[in-house]
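In: Just a sequence and a predicted model for now, questions to come.
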Amino acid sequence: SKTLRVAVIPGDGIGTEVMPWGVKCLQATAKVFNIAIEFEHFDFASCEYYQKHGDMMPSNWKEQLISFDAIYFGAVGMPNLVPDDVSLWGSLLKFRREFDQYVNLRPCRLMPGVKCPLAGKKPGDIDFWIVRENTEGEYSSIGGKMFEGTDREVVIQETVMSRVGVDRILRYAFELAKSRPRKRLTSATKSNGISITMPYWDGRVSEMHKSYPEINLDKYHIDILTAHFVGRPEIFDVIVGSNLFGDILSDLGPACTGTIAIAPSANINPEGKFPSLFEPVHGSAPDIVGKNLANPIGMIWAGQMLLQHFGYIEAADALLKAIERILERSEASVLTPDMGGTGTTQALGEAIEREILSLAGN
Ligand code: NAD
Ligand code: IPM
Ligand code: MN
């Protein structure tokens, strides 16, 4: 079988601390399951690079990355050094848009051994997928400023929804829902208040539902939907939403499962025309940087999604199982503080790596 070529971009802050464990766990899994993966490291897409070069990435970044099968990405952002909109629009958001990674797939699952902040929930009660539109919507560069610096100042940023853009993310979500036992799809909008784009999205959902009669479809306004995340998360199976709504739901969902730091994310170009990008949902966490406290599971689980994406199902299942087993044991000295433990990035990363290797009796 062919060699999987992965571009490794640690980025900033704890991105650089969790990435080594992501790579080690992927390497361990690759070893056990005989998968050929080749990693190449890049130092661009970081605020340090920006400080040296005045830009987040070299002008030929696309040529450098386009031939890779996947990008394994840590996190970007050091707001004390570079404004967030500059660092993110100069890196991650460029990847998503230029590589047409229009699906942002984010699982949300209550894991064994992780204390749930919602009363009475056990593993299995919270287990859903967020399908986030990832190239348009509220994240648009269309807009501008008028009368800057005067008391008549106006700023405008338009929401963009194209028929192609909405339909392709909805189709992905309907197909995913179809593959799941419960076949339930929830669409998040805000059509009472945002009266042009959101009703348009709703209309496309209704239209597409006609070709998926077997799907149990729910539509919620985003405000009450967030309340249901907390009140009755077990009703959800697949949730689809616009770029901004998907972003917000994918921090709220994992927070409801005990910690945002375990949540992974796959930014997918389903046609495979461009590399897809795998990253944790969390950011660079400047508040805990350099303390060896960062939970590496979001990064490691993102590697699991990478394996899954390329069809290495047995290996992906095993890596997820290894994460679950380590969490289930709930050893305080291994779990990081965000999960109530006293462990370190290294202790948790090593435990998962060892668990994977033990599968092959290594
Ligand atoms: P954040 O996710 O970086 O941090 C939020 C909180 O969660 C912090 O208290 C942090 O310590 C904690 N946290 C996050 N990841 C953790 C981990 N692995 N282990 C333990 N605790 C963890 O979000 P923020 O504070 O809003 O953003 C910080 C910077 O990261 C900003 O520059 C922001 O733009 C950027 N950011 C980048 C990405 C990305 O690259 N994908 C995502 C979100 C935020
Ligand atoms: C995420 C992040 C990014 C987003 C930021 C850093 C631009 O929050 O991946 O969820 O909003 O998409
Ligand atoms: Mn986010």
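Out: Nice, thanks for sending it over. Ligands and ions are numbered 1, 2, ... in the order given.
In: Spatially nearest residue to Val155, not counting backbone neighbours?
Out: Excluding the flanking residues, the one nearest Val155 by C-beta to C-beta, 6 or more residues apart in numbering is Lys145, at 5.2 Å. No exception for glycine: its C-beta is placed from N, CA and C like everyone else's.
In: List the contacts of that neighbour.
Out: The contact partners of Lys145, taken as C-beta atoms under 8 Å, 6 or more residues apart in numbering, are Glu153, Val154, Val155, Ile156.
In: Swap in 10 Å and give it another go.
Out: Shown in contact with Lys145 (C-beta atoms under 10 Å, 6 or more residues apart in numbering): Glu153, Val154, Val155, Ile156, Gln157.
In: can I get those residues in a markdown table with pLDDT and neighbour count?
Out: Converted to a markdown table, the contacts of Lys145 look like this (pLDDT from 0 to 100; neighbours: other C-beta atoms under 10 Å):
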| residue | pLDDT | neighbour count |
| --- | --- | --- |
| Glu153 | 98 | 10 |
| Val154 | 98 | 10 |
| Val155 | 98 | 10 |
| Ile156 | 98 | 9 |
| Gln157 | 97 | 13 |
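In: ok, and which of these reach ligand 2?
Out: Intersecting the contacts of Lys145 with the surroundings of ligand 2, defined as C-beta under 6 Å from any ligand atom, gives nothing.
In: And these, which is closest to Glu214?
Out: Nearest to Glu214 among the contacts of Lys145 is Gln157, at 38.3 Å by C-beta to C-beta.
In: Val240 belongs to a helix, doesn't it?
Out: No: residue state for Val240 (DSSP: H, G, I helix; E, B strand; the rest coil) corresponds to strand; a helix is not indicated.
In: Check whether it really touches Arg132, as I assumed.
Out: Yes: between Val240 and Arg132 there is a contact under C-beta atoms under 10 Å: 7.9 Å.
In: Give me the common contacts of the two.
Out: What both Val240 and Arg132 touch, as defined by C-beta under 10 Å, 6+ apart, is the set Val103, Ile169, Ala173, Ala188, Gly246.
In: Kindly supply the ChimeraX command isolating those of these that are buried.
Out: Applying 16 or more other C-beta atoms under 10 Å to the shared contacts of Val240 and Arg132, the buried members can be selected in ChimeraX as follows:
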select :103,169,173,188,246
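In: Turn the shared contacts of Val240 and Arg132 into JSON lines, including distance to ligand 1, pLDDT and secondary structure.
Out: Output for the shared contacts of Val240 and Arg132, formatted as JSON lines (distance: C-beta to the nearest ligand atom, whole Å; pLDDT from 0 to 100; DSSP: H, G, I helix; E, B strand; the rest coil):
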{"residue": "Val103", "distance to ligand 1": "16", "pLDDT": "99", "secondary structure": "strand"}
{"residue": "Ile169", "distance to ligand 1": "19", "pLDDT": "99", "secondary structure": "helix"}
{"residue": "Ala173", "distance to ligand 1": "21", "pLDDT": "99", "secondary structure": "helix"}
{"residue": "Ala188", "distance to ligand 1": "20", "pLDDT": "98", "secondary structure": "strand"}
{"residue": "Gly246", "distance to ligand 1": "13", "pLDDT": "98", "secondary structure": "helix"}
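In: Can you report how many residues lie near the residue in the stretch 51-200 of the chain that ligand 2 sits nearest to?
Out: Shortest the stretch 51-200 of the chain-to-ligand 2 distance, computed as C-beta to the nearest ligand atom: residue-wise this is Leu88, at 4.1 Å. Neighbour count of Leu88, defined by other C-beta atoms under 10 Å: 18.
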